[in-house]
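**Student:** Okay, sequence plus prediction incoming.
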Amino acid sequence: MKSKDKPQIVLIPYPAQGHITPIIQLAASFHIHGFQPLIIIPDFIHDRIVASRTNSDDGLVFLPIPDGLAEGEPRNFFTISFAMENNMPCHLDRVLAMLHEEGGGRVACVVVDLLASWAIDVASRHGIPVAGFWPAMLATYNLIAAIPDMIRTGLLSENGSPLLKGVVRFLPGQPMLSTEDLPWLVGNPAQKRSRFQFWLQTLQRSRSLPWLLVNSFPDEDCNQQQHLPSRSVHRHRPSILQVGPLTRHTRSNPSLWEEDMSCLDWLRKQKPRSVVYVSFGSWVGPIGEAKIAELALGLEATQRPFIWVLGPEWRAGLPSGYLDRVAMHGKVITWAPQKEVLRHETVGCYLTHCGWNSTVEAVEGGKPLLCYPVSGDQFVNSTYIVDVWGIGVKVGGPGRRAVEEGIKKVMEDDGEMMRRVMELKDRIMGEEGDSRAVATLTAFLDGLKTISLDAGDCISSCVSSL
């Protein structure tokens, strides 16, 4: 089927690396199933994404829209939220009008990352079916979706502050979590309240969604699933479709930063399972220079070979003379081809912030994890890594000694963690797990194929007019 004959699916990601990666993976799976994916992204990252995909032939189309922020203005959670609510809706409205109305209704569905919930109402006004997308694990979504219940039962205040202190089981069947580890408790008190209101608004908007595609695997936690209320009880929750892990659809990830491929040559010179890989994704900022210094000294003390992904703007936190001292056994780079690194036989441990993409890629590469969560859903992911799946350990504190001891514990494990990693990999990426996820996604897409396909191709005209 030619591109112009394919029904279109428009995808709206939240504009950050950890969200763009899985939505591109989801779009690639749509293309395999006979759809033309169109990904709408703010113009400030459009060129970087397209440049990173110069050799890609997966059929994806990227359409830029303005975010309305001034050139040079920082793009963080709060400025991006302002742009999504106030500047971007009118531009998406124009794109959908051109694609759907002038194109004769060939847009079969709009898939909206829940963190970009502003797009739900825009798509609904055009009469286009809308599906939500959750790029993280289902356990975190269930925790956020239960906010109204937690307020009603006295676990949370109206502003999202925990009314209990310590370790609490927030949902039946879920592992215990610290009351400091809830996903919206990031930043100062005003920022925490703002993030909590963001989630309340997201939940309100998502009530209209018939489906939620989740980048997680079926039975990520069997105990949790059997304790959750059915959809008939939560009438305002969408039907959950677990279609992950989506990493299986691509061999490499698109990147907003240039990857240092020299690290692969460096890895080939190391011994099997001897290297510690360290990366905090694009969330290095909240760690701070003091913790970077302690992390650096802990790595140095192990005397083990390591690769550390650390941007130039954060290297000021390194101790004086550090790069020279570790030059013989350590390699500090700006950005890594992470999937290739985690597959490499010389990597024995991944010191990670526990972002969901990184967690799944570690399992795919068969690597145990040393957990150093920083914010958001990373604390939930860390709890599952350590307490539920048993495929890693958590750093015991921010100091160099805790880092050194954590690395030693993972790298000198008797093989039990590695065994559990490989069992989990086989369960979620083996034939049975893959077939279940593919069947779920196929059933969803088969329903969309009933959309009329009688209109002409309007992709080129849309791109040329933006």
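**Tutor:** Arrived safely, thanks for sending.

**Student:** Could you point out which residue ranges in the stretch 151-300 of the chain have low pLDDT?
**Tutor:** In the predicted model of the stretch 151-300 of the chain, residues 221-236, 248-256, 282-286 satisfy pLDDT under 70.

**Student:** 50 - rerun?
**Tutor:** For the stretch 151-300 of the chain, the stretches with pLDDT under 50 are 222-235.

**Student:** so where do the strands sit in it?
**Tutor:** For the stretch 151-300 of the chain, the strands defined by DSSP state E, counting those that start in this stretch occupy 167-168, 177-178, 211-214, 239-242, 275-279.

**Student:** out of the ones you listed, nearest to residue 114?
**Tutor:** Taking Cβ to Cβ as the criterion, residue 114 comes closest to strand 211-214 out of the strands of the stretch 151-300 of the chain, the separation being 7.6 Å. (C-beta placed from N, C-alpha, C; glycine too.)

**Student:** Parallel or antiparallel, list what pairs with the closest one.
**Tutor:** Strand 211-214 has the following sheet partners, assigned by DSSP bridges: strand 130-134 (parallel), strand 239-242 (parallel).

**Student:** And the contacts of the last one?
**Tutor:** Here strand 239-242 makes contact (Cβ atoms under 8 Å, 6 or more residues apart in numbering) with 138, 210-214, 216-218, 220, 231, 437, 440-441, 444.

**Student:** In TSV, list the strands of the stretch 151-300 of the chain along with distance to residue 35.
**Tutor:** Output for these, formatted as TSV (distance: least, Cβ to Cβ, whole Å):
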stretch	distance to residue 35
strand 167-168	43
strand 177-178	38
strand 211-214	13
strand 239-242	16
strand 275-279	33
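
**Student:** and these as JSON lines, adding mean neighbour count and distance to residue 288?
**Tutor:** Listed next are the strands of the stretch 151-300 of the chain as JSON lines, based on neighbours: other Cβ atoms under 10 Å; distance: least, Cβ to Cβ, whole Å:
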{"stretch": "strand 167-168", "mean neighbour count": "14", "distance to residue 288": "25"}
{"stretch": "strand 177-178", "mean neighbour count": "18", "distance to residue 288": "20"}
{"stretch": "strand 211-214", "mean neighbour count": "23", "distance to residue 288": "32"}
{"stretch": "strand 239-242", "mean neighbour count": "18", "distance to residue 288": "36"}
{"stretch": "strand 275-279", "mean neighbour count": "24", "distance to residue 288": "16"}
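
**Student:** between the ones you listed, which one is nearest to residue 15?
**Tutor:** For residue 15, the closest of the strands of the stretch 151-300 of the chain is strand 211-214, at 18.7 Å, according to Cβ to Cβ.

**Student:** what's that closest one in contact with?
**Tutor:** Here strand 211-214 makes contact (Cβ under 8 Å, 6+ apart) with 26, 111, 114, 131-134, 137-138, 141, 206, 237-244, 441, 444.

**Student:** Out of these, which end up buried?
**Tutor:** 26, 111, 114, 131-134, 137-138, 141, 206, 237-238, 240-244, 441, 444 (16 or more other Cβ atoms under 10 Å).

**Student:** Now go through the contacts of strand 239-242 and say which are in helices.
**Tutor:** Using DSSP state H, the subset of the contacts of strand 239-242 located in helices is 138, 437, 440-441, 444.

**Student:** Return the closest of the residues you listed with respect to residue 390.
**Tutor:** Nearest to residue 390 out of the ones in helices among the contacts of strand 239-242 is residue 138 (Cβ to Cβ; 19.1 Å).

**Student:** Not counting its neighbours along the chain, what's nearest residue 164?
**Tutor:** With Cβ to Cβ, 6 or more residues apart in numbering as the criterion, residue 164 has its nearest non-adjacent residue at 5.8 Å, and that residue is residue 179.

**Student:** Around that neighbour, count how many other residues there are.
**Tutor:** Residue 179: 17 surrounding residues under other Cβ atoms under 10 Å.

**Student:** Helices along the stretch 101-250 of the chain, start to end?
**Tutor:** In the stretch 101-250 of the chain, the helices defined using DSSP state H, counting those that start in this stretch lie at 118-125, 138-145, 147-152, 189-206, 222-227.
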